[in-house]
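Peer 1: starting from these lines, generate the structure:
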Amino acid sequence: MTKRLVQHGNSAALVLEKPLLQLLNIDLTTDLEIITDGKNLIISPAGSQSSEGDLLASLEKINKLHSATLENLAR
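Peer 2: Numbering: from 1, shown residues only. This next block holds a predicted model:
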C-alpha cells in the first residue's frame, strides 16, 4: 500500500482507512508508538511489543510441536 501525507494545519497527517484500522484493532483512542530505524517509520499500538519471555515461550512451543520437521529441514 502506498500513501501520501496530507496537509493538516501546519503539520502533515497520514490517513489510515477503516479496514486497516480494524485489521490492527486500533481506533481514534488508541495510543500509537512511532519509532524509526533511520530509514523507515514503524507505527504500532503502544504497549503492543511482546516481551522476550513471550518470544522464548513461543519458540519452545514450536520446537516441541515441530522438532522432527525442523531437524529434517536443517539437513
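
Peer 1: wait, a helix at Glu60?
Peer 2: Yes. According to DSSP: H, G, I helix; E, B strand; the rest coil, Glu60 belongs to a helix.

Peer 1: how near is it to Thr2?
Peer 2: Between Glu60 and Thr2 the distance is 39 Å, computed by Cβ to Cβ, to the nearest Å. (Glycine included, C-beta is placed from N, CA and C.)

Peer 1: okay, those two: which has more neighbours?
Peer 2: Glu60 (10 against 3; other Cβ atoms under 10 Å).

Peer 1: what ranges does the protein have for its strands?
Peer 2: Here the chain has its strands, by DSSP state E, at 6-8, 11-13, 32-36, 41-45.

Peer 1: mean pLDDT for these: which is lowest?
Peer 2: Lowest mean pLDDT of those: strand 41-45, a mean of 87.

Peer 1: what residues are up against the residue nearest the centre of the chain?
Peer 2: For the chain, the residue nearest the mean C-alpha position is Ser44 (5.6 Å; Cα atoms, centre = their mean). Applying Cβ atoms under 8 Å, 6 or more residues apart in numbering to Ser44 gives the contacts 32-33, 35.

Peer 1: one step back: distance to Asp54 added to the strands of the chain, as JSON lines?
Peer 2: Shown next, in JSON lines, are the strands of the chain (distance: least, Cβ to Cβ, whole Å):
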{"stretch": "strand 6-8", "distance to Asp54": "36"}
{"stretch": "strand 11-13", "distance to Asp54": "33"}
{"stretch": "strand 32-36", "distance to Asp54": "17"}
{"stretch": "strand 41-45", "distance to Asp54": "15"}
